[in-house]
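> coordinates only, sequence not included:
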């Protein structure tokens, strides 16, 4: 019995130790870790539309004159497979007001800038540490191999206004309570995408708490295209604080 109790105690202590560990500094993130935070994490999710195309084995057909009056076709096998351009569109929805996402964006910029200096790093540190106490900001970006596939969506996001979007975009808790859109900023040169802004408080209380179950970001971008992205709130803890 003592051995069992001791084992349980060790497991519990290890769990608390893991929770107490500090997160990795944003300026030490690898490119793979940046992509993970932005695209597949508690604060950044991807909604995929369309299907991947598979390589098709093709053969070149050559018309060869036969001795008779009829022609016959000969094929050359073993040619490289032909892959049609992907028709997949990936919609990225990220909580910019969450510190891990800001850190990932900052690190992404540093990794891509060959002439980054200490001044830039200082500016980015200020961006990462920015206080979003009053607002929740979700940024949305559409990506595809073929730019034509995201053209209509990006055109809509570039010309839309808060008035146009106010009945089409919201954050919703599991209990059905919603945050309506408070402001909107179209995609800009920062490369983060369109910014959907919500007030952080609802009925005098924070919209989300560590005890909340999940939250859903919904945005109707066209008659056929709807973003419906869900996040698990209990996984959004970062350095002992709920980040969203």
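Cool, got the structure. Given the structure is predicted, the values throughout are model-derived calculations rather than measurements.

> buried residues in the longest strand along the chain?
Looking across the chain with DSSP state E, the single longest strand is strand 135-144. Across strand 135-144, burial judged by 16 or more other C-beta atoms under 10 Å covers 136, 137, 138, 139, 140, 141, 142, 144. From N, CA and C alone the C-beta is placed, and that goes for glycine too.

> Under the pLDDT cut-off, which ranges of the chain? List them.
Scanning the chain with the threshold set as pLDDT under 70 gives 1-22, 52-83, 116.

> Now find how far off-centre stretch 105-118 is within its chain.
Remark: stretch 105-118 is offset 20 Å from the chain centroid, using C-alpha atoms, centre = their mean, to the nearest Å.

> Residue 148: what's it in contact with?
Residues near residue 148 by C-beta atoms under 8 Å, 6 or more residues apart in numbering: none.

> got it, and residue 234?
Neighbours of residue 234 in contact, by C-beta under 8 Å, 6+ apart: 210, 212, 213.

> Am I right that it sits in a strand?
No: per DSSP: H, G, I helix; E, B strand; the rest coil, residue 234 lies outside any strand segment and is helix.

> Look up how far residue 219 lies from it.
According to C-beta to C-beta, to the nearest Å, residue 234 and residue 219 sit 24 Å apart.

> likewise residue 227?
4 Å.

> what touches both of the two?
In contact with both residue 227 and residue 219: 93, 140, using C-beta under 8 Å, 6+ apart.

> Okay, and the beta partners of residue 198?
In this entry, residue 198 is beta-bridged to residue 136, by DSSP bridges.

> My guess is it contacts residue 172. True?
No: using C-beta atoms under 8 Å as the test, residue 198 is too far from residue 172 to be in contact (10.9 Å).

> Please enumerate the shared neighbours of these two.
residue 179.

> and the two? which has more neighbours close in?
residue 198 (22 against 17; other C-beta atoms under 10 Å).

> Contact partners for the more buried one?
Contacts of residue 198 (C-beta under 8 Å, 6+ apart): 135, 136, 137, 138, 170, 171, 179, 180, 181, 182, 207.

> now the helices for the chain?
Taking DSSP state H as the criterion, the chain contains helices spanning 2-20, 31-39, 99-112, 118-128, 147-159, 162-165.

> Point out the most buried one among those helices.
helix 99-112 (a mean of 21; mean count of other C-beta atoms under 10 Å).

> Just give me how far that one sits from the chain centre.
Per C-alpha atoms, centre = their mean, the centroid offset for helix 99-112 relative to its chain is 13 Å.

> which outside residues touch that helix?
23, 26-27, 29, 31, 33-34, 37-38, 41, 43-44, 94-96, 116, 120-121, 124-125, 127-130, 192, 238-239, 243.

> Quick check: closest non-adjacent residue to residue 201.
residue 207 (6.8 Å; C-beta to C-beta, 6 or more residues apart in numbering).

> surely the one you found meets residue 179?
Yes: if you go by C-beta under 8 Å, residue 207 and residue 179 touch, sitting 5.5 Å apart.

> Who are the packing partners of the longest strand of the chain?
Packing contacts for strand 135-144, counted by 3 or more C-beta pairs under 8 Å, 6 or more residues apart in numbering; DSSP states H and E, involve strand 89-95, helix 147-159, strand 194-199.

> Just put these in a markdown table and tack on distance to residue 110.
Output for those, formatted as a markdown table (distance: least, C-beta to C-beta, whole Å):
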| stretch | distance to residue 110 |
| --- | --- |
| strand 89-95 | 18 |
| helix 147-159 | 26 |
| strand 194-199 | 21 |
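
> Between the ones you listed, which one is closest to residue 186.
helix 147-159 (5.0 Å; C-beta to C-beta).
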